[in-house]
Structures are given as structure tokens and as C-alpha cells.
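S.K.: sequence? don't have it. structure:
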């Protein structure tokens, strides 16, 4: 067996490995350590990383005939972004509601009028499975061009058995056909559909009865435990039933109000608690001992024109493991570019660029249960890497609102080259 790699990447001006946290997520001072190797190099074989070091060290071994060489030309190279919270399979958009909010209406008011999630539910229910896959693929293509190589996708815009299964089948099809690694989450407990408005507990019963049937399609079960969603008791019924069936758990919590969902999250040992814009100090202290990944979504209050962002810097100082994600969805954050989320984390959450980069790579990988395979550039890991058209990682959030990604490698294969998708047919 040849010891030579299939691919050798050299002359990485800053190679950000995010190494050393595959077993446990980065916390405290670890959040500031992105494992920089100056003039770095990476050797890849059969889709996996087999060596990491400097170009001078590795070039003597691997820069030779028969090895495909990529010259990074002094650019920033880092792990592919992991977007650990998205709702990327849906129909239509809600641009009209965007205008309503500019004119003074808030999200909850719009939801009560049948807008919000319920508006997207109507549009999603009308689409065939084939059309749903088609429109969702376009979103994933854009995310891939922006450097996202792994994404979690939730259902939640069907809100009945037929359409929730349709969404989950669309996600499953995209898992098999799209170059992005996809983790599937069942979010039937997103909100109460119009037909159950007068009897929300009957809808909770429906979700609990659906779990067995949706289990083959989803790794995680999630519930929106917040104003406009479900109360703590209802959320516990759904999540407890899911846990008994072997689902891993997530929870939307403290986005709009603190209704007591975090103690439930701790009690049920969820993998991640997401949003946390209205977290209280007492809950930060309780979370510290829980091992729960805190997924912060600053694109949401930004897009909703609100000022109550999660206290990211404080949470890091108190020792919580922080991840970041887009929450890409049609209503509260129609943003496919996770680089913009890095900027918002710096400007609105008080995080440093290094902390934000760890939060969208290795810690985000922990939030989807894949840190053993992705999220860092280390021996044995999947070769998911991006080459940015910048010389300093601090320029990722500094030059905001643009796409810095030049090349994307997925399992050692170049799938984006010079900012264009590569046709691998």
C-alpha cells in the first residue's frame, strides 16, 4: 500500500486546525486557540487527513511526482464550516413580512395573524416532494459556495404526518445526493398548526404518535419551547417520548421569552440548547455543569431588528461551550452565509474572531454529534477544508457581507474551485 497521499495542500499562510477538542468541545481559553500553523500543509489520502504540519516539514515527504498538489498561495485555510442549526427545506419566502416588520409589526403579532411559521407551512404543504427537493438544493448549493460542508436540517413546516414525512424524505434524498453532509432533525413541535389552535394538547398527542414513524428519517428530535411554541409540560412530553425511542435531543429555548425551558433541557440531557437570547445568569451557572452545547444564532435578533442578543462573551467567560449557526429559515434569518454570522458574533455577542471560528467548526461539530469526524484538521479526520481568499483570519468578520471562500474540499475532493461549483459528473 502506498504511503503517499492523493492530495497535498501546501503554502497555507495561516492553517487554522481547530485541533485538540474532538472528545470535548472548546471552552474558556480553549475558545481562543484555533491551532494556527504558519505556512501550513496537509496531506490527504482516501478522503481523510493523514498528516498535518508546516510546508517545510511535509514538503520533503509529499511534494513529489504522482501526488496532486494544491498551492494555497499564502491564503487562510481552515475546516469546512459546520452549520449546526438550519431549517433549509421549505417552500416560498416571507419577504412581505420583512416589510411589515420594518413598518413596525413584531414577529409574534405577525404569527398571531396567521403569518410567520404558519405562512411557510401553507406554502410547504403545497409543494410536491420533487419540487421541495429542487428548491432546497438551491439553498444548499449557496451554502456550499459560502464554505458550509456540513449542515443540520430540521423539519417543522409540515405540522401534520403527511407533510412532516415529506420534508424528512426530502432531507433524506438530499443526504444521499448533495455534497454537503446533512444531519436530519424532526421538529414537528415547531408551533401549533391552525387546525389545532383550539386544542394544542391534541397536536402534542399527534407528535408523540408520529415519532415511531419518523424515526428512520431523523437523528435528532427538537421542540420549540418558547412563546409562540410549546410550554414546558408540552415540550417535555414530546422530548421524553422521543428520547425513549432513541432520538438524540435538541431544544429551541429562550428566543423570545424565558418560560422555564432550560431546566427541562438540563433534565433531559439535550445535546444542544439553541437561541438563548434571553438567558439568565442563574441558568448560565446551571448549564455549566450539564455539558450541553449552547448554539447561538445572532442572525435572528439582527434580522428581527431586536437588541437582546445572547451574552456570548459572558457565556464563554463562565465556561460554557459555544457554537454558532445561521438558523437559515424563511422568516427570522434568511441567511445562507455563515461568514456573516461570524461577523455578528464579533459585533453583537462580543466574541473574538478566533472564538467565533471555533464556534462554527469544532464546537458546531459537537452540536451535531460529529466531532469525531469533522470540525478540525487533524489526523484521521474527514478532509473537509476551505481555502479563503484572504491572508489573515481576522479578515473573515472584518470584510463582512461578502464571500471569502475560494475553494472547498469535501472528503478530499475539490467541489468548489475559484468560487464555482465543480461538476463531478
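M.R.: Structure received. Keep in mind the model is a prediction, meaning the values are calculated, not measured. Numbering: from 1, shown residues only.
S.K.: surely residue 117 meets residue 191?
M.R.: Yes: counting by C-beta atoms under 8 Å, residue 191 is a contact partner of residue 117 at 4.8 Å. Any C-beta I mention is one placed from the backbone N, CA and C, and that applies to glycine too.
S.K.: who's more crowded, the two?
M.R.: residue 117 (27 against 22; other C-beta atoms under 10 Å).
S.K.: what's the pLDDT at that one?
M.R.: We have a pLDDT of 85 for residue 117.
S.K.: shared neighbours, residue 117 and residue 191?
M.R.: residue 111 (C-beta atoms under 8 Å, 6 or more residues apart in numbering).
S.K.: before we move on, which element is residue 315 in?
M.R.: Applying DSSP states H and E as the criterion places residue 315 in helix 312-317.
S.K.: could you report the pLDDT at the residue nearest to residue 232 when sequence neighbours are not counted?
M.R.: Once flanking residues are discounted, residue 232 sits nearest to residue 260: 4.9 Å by C-beta to C-beta, 6 or more residues apart in numbering. According to the prediction, residue 260 has pLDDT 94.
S.K.: the helix holding residue 315 - contacts with which helices or strands?
M.R.: strand 293-296, strand 322-324 (3 or more C-beta pairs under 8 Å, 6 or more residues apart in numbering; DSSP states H and E).
S.K.: what residues of that helix count as buried?
M.R.: For helix 312-317, burial by neighbour count (16 or more other C-beta atoms under 10 Å) applies to 312, 315-316.
S.K.: in CSV: these, plus distance to residue 152.
M.R.: Listed next are these as CSV, based on distance: C-beta to C-beta, whole Å:
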residue, distance to residue 152
312, 20
315, 21
316, 22
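S.K.: what residues of stretch 3-21 count as buried?
M.R.: Applying a neighbour-count criterion of 16+ other C-beta under 10 Å, the buried positions in stretch 3-21 are 5-19, 21.
S.K.: to clarify, my last question referred to stretch 402-421.
M.R.: 403-412, 414-416.
S.K.: sorry, back to before: pick the most deeply packed of the helices and strands packed on helix 312-317.
M.R.: Mean neighbours per residue, mean count of other C-beta atoms under 10 Å, is largest over the helices and strands packed on helix 312-317 for strand 322-324, with a mean of 31.
S.K.: hmm, back to that, how far out from the middle of the chain is the helix holding residue 315?
M.R.: How far helix 312-317 lies from its chain's middle: 19 Å, per C-alpha atoms, centre = their mean, to the nearest Å.
S.K.: for it, what is the average pLDDT?
M.R.: 97.
S.K.: contacting residues around it?
M.R.: The contact list for helix 312-317 (C-beta under 8 Å, 6+ apart) reads 27-28, 31, 276, 279, 284, 294, 296, 298, 322, 345, 349-351, 355.
S.K.: return the residues in contact with residue 337.
M.R.: Here residue 337 is in contact with 142-143, 146, 326, 403 (criterion: C-beta under 8 Å, 6+ apart).
S.K.: distance of it from residue 144?
M.R.: Here the criterion is C-beta to C-beta, to the nearest Å. By it, residue 337 lies 11 Å from residue 144.
S.K.: for residue 116, same thing?
M.R.: 28 Å.
S.K.: in the stretch 1-150 of the chain, where is pLDDT below threshold?
M.R.: The model of the stretch 1-150 of the chain has pLDDT under 70 over residues 1-2.
S.K.: ok, which stretches of it are strands?
M.R.: For the stretch 1-150 of the chain, strands defined by DSSP state E, counting those that start in this stretch occupy the ranges 7-16, 36-45, 48-54, 68-71, 76-79, 81-83, 148-154.
S.K.: ok, now the stretch 201-350 of the chain?
M.R.: Going by DSSP E, counting those that start in this stretch, the stretch 201-350 of the chain shows strands at 220-225, 248-253, 272-275, 293-296, 322-324.
S.K.: any chance of TSV for those strands, columns distance to residue 179 and mean pLDDT?
M.R.: As requested, the strands of the stretch 201-350 of the chain are arranged in TSV below (distance: least, C-beta to C-beta, whole Å; pLDDT from 0 to 100):
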stretch	distance to residue 179	mean pLDDT
strand 220-225	22	98
strand 248-253	24	98
strand 272-275	24	98
strand 293-296	23	98
strand 322-324	22	98
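S.K.: in CSV: these, plus distance to residue 388.
M.R.: CSV is the format used below for those (distance: least, C-beta to C-beta, whole Å):
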stretch, distance to residue 388
strand 220-225, 30
strand 248-253, 29
strand 272-275, 27
strand 293-296, 22
strand 322-324, 17
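S.K.: to residue 44, which of these lies closest?
M.R.: Closest of the strands of the stretch 201-350 of the chain to residue 44 is strand 322-324, at 25.6 Å (criterion: C-beta to C-beta).
S.K.: how far does stretch 418-425 sit from its chain's centre?
M.R.: 23 Å.
S.K.: name the residues that touch that stretch?
M.R.: Contact with stretch 418-425 is made by 141, 144-145, 403, 405-407, 413-416, as judged by C-beta under 8 Å, 6+ apart.
S.K.: follow-up on the earlier one: which of the strands of the stretch 1-150 of the chain sits most buried?
M.R.: Highest mean neighbour count of the strands of the stretch 1-150 of the chain: strand 81-83, a mean of 31 (counted as mean count of other C-beta under 10 Å).
S.K.: just checking: what are the partner strands of that strand?
M.R.: When pairing is defined by DSSP bridges, strand 81-83 lines up against strand 148-154 (parallel).
S.K.: quick one: the strand it pairs with to strand 220-225, angle?
M.R.: Per axes from the mean of the first three to the mean of the last three C-alpha atoms, to 10 degrees, the angle that strand 148-154 makes with strand 220-225 is 60 degrees.
S.K.: what comes up buried for the host helix or strand of residue 175?
M.R.: Take DSSP H and E as the rule and residue 175 turns out to sit in helix 161-177. By neighbour count on 16+ other C-beta under 10 Å, the buried set for helix 161-177 is 163-174.
S.K.: now do the helices in the stretch 101-250 of the chain.
M.R.: 107-112, 117-126, 129-145, 161-177, 200-214, 232-244 (DSSP state H, counting those that start in this stretch).
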